[in-house]
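Visitor: predicted model follows, preceded by the sequence.
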Protein chains: 2
Amino acid sequence: MAEPLSPPALDADHLLDHLAARGYRMTGPRRQIVATLVERGSMTAQELYDTLRQAGSGIGRATVFRTLELLSQLGAVERVHRPDGCHSYVPARPGHHHHLICSDCGTVLEFSDCQLDGLLAGLAERTAFRIDGHWLEVFGLCQDCQTTAAGQR
Amino acid sequence: MAEPLSPPALDADHLLDHLAARGYRMTGPRRQIVATLVERGSMTAQELYDTLRQAGSGIGRATVFRTLELLSQLGAVERVHRPDGCHSYVPARPGHHHHLICSDCGTVLEFSDCQLDGLLAGLAERTAFRIDGHWLEVFGLCQDCQTTAAGQR
DNA sequence: CTATATGCAAATTCTTTGCAAATCG
DNA sequence: CGATTTGCAAAGAATTTGCATATAG
């Protein structure tokens, strides 16, 4: 029943391929954004901006937002939503999948066997909705953060 | 397999009971917000503000946000997220459930049989995460909006 | 009465836009 | 070179905060 779990990122180069594949340019800021995102696993636009600036990059806020939007459209990254309402971005793998997110450190794992087909078919039948998509995110604490949290008390 | 589907709202009075139950005051603005939300099914904070102002209410923006936050904490309303990133609020029923949302008109239906227990248990085992919660939203077009959309073309 | 709740206006935070300058191919 | 991309600064949303006033209980 279980499919293999994998860290969401392949590598930065693989994500950057999406740009070349559609004729977009390979620029310094885009490399920086992708590299940082792959390294961290998941970040908000603001975190990305702050991190890069602190690392000495001269990147602008607008570029961060524009690049994240472009990469989302290309399917290279995905937006995930936290219950508190903040939007993070994670490197994307191809195909249908969902995220298991550590509420503490932001680590993201992907899984693809959401087992919802039966449920969705039943819903469609009962409600007469035409179901176009769904959105599943699972929250918890990763092993490291469980240990850390325990140690803090 | 299918449990009954229900419109998310009971009635305004029932939702307002959450306030009394915890010692909060029953005020005009709170009544207006709850009544409007029950009537419409789902609205953003801004839509709520605009609607009430147009209806002649002297309510302030801050009150709308503060009230929605309070009602969320009390479990009287819930925040739902749209794929476009906007936050709406819906009257809440007790217990575990998820939402089926019409992407067009915003109609919200609830369902409670998410059938994810097996999946979550498997994930916990494979990942060593301590799983605390999950979040499932289903998007589609309700019957009315399917008809309307078809008619427009 | 008195603590709670409100409305307003200003302050924040988050995101987008306009545009001249920089840069990838 | 020439079109795309960038950084900046300013504009716009969305949301929060401070505080004097209004009001539920």
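Guide: Great, that's in hand. Numbers count the residues shown, from 1 in each chain, chains lettered A, B, ... in the order given.
Visitor: and the angle for the longest strand anywhere in chain A with strand B:130-141?
Guide: Selection of the longest strand in chain A by residue count, based on DSSP state E, yields strand A:130-141. Put simply, strand A:130-141 runs at 170 degrees to strand B:130-141, going by axes from the mean of the first three to the mean of the last three Cα atoms, to 10 degrees.
Visitor: could you check strand A:130-141 and say which residues are buried?
Guide: A:His134, A:Trp135, A:Leu136, A:Glu137, A:Val138, A:Phe139, A:Gly140, A:Leu141 (16 or more other Cβ atoms under 10 Å in any protein chain shown). Every residue, glycine included, has its C-beta placed from N, CA and C.
Visitor: could you do stretch A:64-84 as well?
Guide: A:64, A:67-68, A:70-71, A:74, A:76-82.
Visitor: just the element for the residue sitting furthest away from the middle of chain A, please.
Guide: In chain A, the residue that sits farthest from the middle, by Cα atoms, centre = their mean, is A:Arg126; the gap is 32.3 Å. Assigned by DSSP states H and E, A:Arg126 falls within helix A:117-127.
Visitor: over to A:Gln46?
Guide: Using DSSP H and E, A:Gln46 falls in helix A:45-54.
Visitor: not counting the helix or strand following that helix itself, show me its contacts.
Guide: Counting by DSSP H and E, the next helix or strand C-terminal to helix A:45-54 is helix A:61-74. For helix A:61-74, the surrounding residues in contact (Cβ atoms under 8 Å, 6 or more residues apart in numbering or on different chains) are A:15, A:18-19, A:22, A:24, A:29-30, A:33-34, A:45, A:48-49, A:52, A:77-79, A:89.
Visitor: return the residues of chain A in contact with DNA strand D.
Guide: By Cβ under 7 Å from any atom of the strand, the residues of chain A that approach DNA strand D are A:24-25, A:27-30, A:57-63, A:66-67, A:85.
Visitor: which pair of those spans the longest distance?
Guide: A:Arg25 and A:Gly85 (33.3 Å; Cβ to Cβ).
Visitor: neighbour count for those two, which is higher?
Guide: Using other Cβ atoms under 10 Å in any protein chain shown as the criterion, A:Arg25 and A:Gly85 rank with A:Gly85 on top: 10 against 7.
Visitor: residue contacts, that one?
Guide: B:Arg79, B:His81, B:His87.
Visitor: list just the nearest of those to DNA strand D.
Guide: B:His87 (4.6 Å; Cβ to the nearest atom of the strand).
Visitor: quick check: the closest residue to that closest one other than its chain neighbours vs A:Gln115, distance?
Guide: Spatial nearest neighbour of B:His87, chain neighbours left out: B:Arg79 (5.5 Å); criterion: Cβ to Cβ, 6 or more residues apart in numbering or on different chains. According to Cβ to Cβ, to the nearest Å, B:Arg79 stands 26 Å off from A:Gln115.
Visitor: now swap in A:Ala92 and tell me
Guide: From A:Ala92 to A:Gln115 the distance is 21 Å (Cβ to Cβ).
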